[in-house]
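Enquirer: Give me the fold of what follows.
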Amino acid sequence: MADEMPRADEVQNLTAEEVARGLSEGRMLLVDVREPNETDVESYPDAVIVPLSVFDPAAIPDPQGKQVVFACRSGRRSITASVAAQDQGFPYKSHLAGGIIAWKAAGLPTRSG
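Expert: Numbers count the residues shown, from 1 in each chain. Below is the predicted model of the structure:
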């Protein structure tokens, strides 16, 4: 994937299980960068939605010490968001590898619109 995505090596891959555990333990803030037409249909429970089309890392609520983890459908846009945030000086270096596809494959719940 690093060959396909520029600077993907600057982003930490987390599994769906790692993210679910981090959320349940209150250690992570999940930021969904998919578009409203996607999140209206199906979304991650408890995720903050900051669409990539209007992405501004300053729009992410203060994580209050939590690890910020980006997520999307398959794990590509979340890498883009993480790199963009890093370029603006934010220490947001993690994403959900495989996105909501991996989340559902792991049997984790989603919210339907």
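
Enquirer: need the helices for this protein, in chain order.
Expert: Under the criterion DSSP state H, helices of the chain are mapped to 16-24, 36-39, 77-87, 99-105.

Enquirer: Let me see the residues that make contact with the shortest one.
Expert: Meaning helix 36-39. Asp32, Ile49, Pro51, Arg73, Gly113 (CB atoms under 8 Å, 6 or more residues apart in numbering). Bear in mind the C-beta positions are built from the backbone N, C-alpha and C, glycine included.

Enquirer: mind listing which of the residues you listed are in strands?
Expert: Among the contacts of helix 36-39, the ones falling in strands (DSSP state E) are Asp32, Ile49.

Enquirer: Tell me which of the helices of the chain approaches Gly65 most closely.
Expert: Checking the helices of the chain against Gly65 by CB to CB gives helix 16-24 as the closest, at 12.5 Å.

Enquirer: which one among the contacts of helix 36-39 gets closest to Gly107?
Expert: Closest approach to Gly107 among these (CB to CB): Arg73, at 17.6 Å.

Enquirer: Spatially nearest residue to that closest one, not counting backbone neighbours?
Expert: Counting by CB to CB, 6 or more residues apart in numbering, Arg73 lies nearest to Gly99, which is 4.7 Å off, once chain neighbours are set aside.

Enquirer: what's the neighbour count on Gly26?
Expert: For Gly26, the number of neighbouring residues by other CB atoms under 10 Å comes to 10.

Enquirer: if we can go back for a sec, tabulate the helices of the chain (a markdown table), appending distance to Lys93 and mean pLDDT.
Expert: Formatted as a markdown table, those follow (distance: least, CB to CB, whole Å; pLDDT from 0 to 100):
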| stretch | distance to Lys93 | mean pLDDT |
| --- | --- | --- |
| helix 16-24 | 14 | 98 |
| helix 36-39 | 23 | 97 |
| helix 77-87 | 6 | 97 |
| helix 99-105 | 17 | 98 |
